[in-house]
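Any chance you can model this:
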Amino acid sequence: MYALAGLVIEKVTGKRWETAVTERIFSPLGMSDSTFAGLPASDNTSASYFHIAAHNGYIPCKEHRLNCIAPAIAINSTITDMLKWIRLHLSNGTLFGETFISNNQLKETHTHQIAAQDCSLPPILIKSYGLGWRLGSYRTLRIISHGGTRDGFQSHLILIPNKKIGIIILTNSATIINNRISREKYFSASVANTIIDKILGISEEDWTQKIYKIYENAKHTSVQQKKTPKRNFKRIERPNEYSGTYEHPAYGKITIEVEKDHFIATYGEISSPILPEREDTFIGTTSVFSQKRFTFKRNEKKQIAWIEISLAPRLNDITFKRKG
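Predicted coordinates for the structure are as follows:
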């Protein structure tokens, strides 16, 4: 959706989406420390390492530039700049005495457009989706929120318009378990709930413990549902026959390599170990390949000829044909 919005912006303005966002949002709002992935950061920022979870704790990870969906994930910002963005939404489109967007237009972005599956944590209840915002309630209060997750970091923004409350939580780690459960989502929820209750003077609950229990239950359920049979790499006969470059006319190229005692799948700048589940079938372990199934198919000569990859739950497997 956001990738398409970026293309629409470029078609309408005749400029790159980054230029349009800078001219129409960053510069007018004074968001001088906000920039875009792949471009030099502001001198006034200090970027931390991005982290993902490993068996022995958190480790730094490489930043992946997914240029094809840059309008959705490629903006780098700061708490100071994000507060200006929050104030704009809580002030009916007016900031510093100047109207940047009409109240009616802003309200339209905060208005129900489609029903949404509730993926929130108590006491937040998400009911629908506006134009780039999740709409719902916190206890009895109307809230507007949105978050984002990619390898190494996560953001979570909540607005309570009637109380003029805005909260932004940023983490420099993000870990997806079985493509569903994000540790940082639960952490952000407990922090946000604690802050809101304190501001509103509501009897405080121990959200850390309460949300942690929900997280542990969700993790256990997810692991049980997605449990992957273990298989010893050494049992795979002729491991090198899987290595090579595979191509799809729309999705591009994916490379499979054998490194010492494991397989590596590389797609653009993203690399992930894949584990053998059974003969000719592997399971991705990290990043966008987490719990994705790689099924290698053979031709009439019993040679590996293509891979079928389950990239998304509601899509058919994508077929990448072997080159050469």
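
Every contact and neighbour count from this point should use C-alpha atoms.
Noted.

Surely Tyr212 is within a strand?
No - applying DSSP: H, G, I helix; E, B strand; the rest coil, one finds Tyr212 to be helix, outside a strand.

count of residues packed around it?
15 (other C-alpha atoms under 10 Å).

How about the contacts made by it?
Tyr212 sits next to Tyr186, Phe187 when contact means C-alpha atoms under 8 Å, 6 or more residues apart in numbering.

wait, isn't Glu247 in contact with Ile318?
No - in this structure, Glu247 is not within contact of Ile318 by C-alpha atoms under 8 Å, at 10.3 Å.

what bits of the protein have low per-residue confidence?
38-66, 151, 174-182, 221-235, 261, 287, 324 (pLDDT under 70).

So which residues of it form helices?
2-13, 17-21, 27-29, 70-73, 79-90, 103-109, 183-200, 207-225 (DSSP state H).

out of these, which comes closest to Gly132?
helix 103-109 (7.0 Å; C-alpha to C-alpha).

Run the chain-centre distance for that closest one.
Remark: helix 103-109 is offset 26 Å from the chain centroid, using C-alpha atoms, centre = their mean, to the nearest Å.

what is Gly148 paired to in the beta sheet?
Ser155 (DSSP bridges).

and it, what is it in contact with?
So Gly148 contacts Ile73, Gln154, Ser155, His156 (C-alpha under 8 Å, 6+ apart).

what about the last one, how many neighbours?
When you say that, I think you mean His156. The burial count for His156: 19, using other C-alpha under 10 Å.

these two touch, right, it and Ile169?
Yes - here His156 lies in contact with Ile169, judged by C-alpha under 8 Å, at a distance of 5.1 Å.

hey, what's in contact with both of the two?
Counting by C-alpha under 8 Å, 6+ apart, the residues touching both His156 and Ile169 are Ser188.

Tell me if I'm right that Leu141 and Ile160 touch.
Yes - the pair Leu141 and Ile160 qualifies as a contact (C-alpha under 8 Å) at a distance of 7.2 Å.

the more surrounded of these two?
Using other C-alpha under 10 Å as the criterion, Leu141 and Ile160 rank with Ile160 on top: 18 against 12.

Before I go, just wanted to say thanks for your time.
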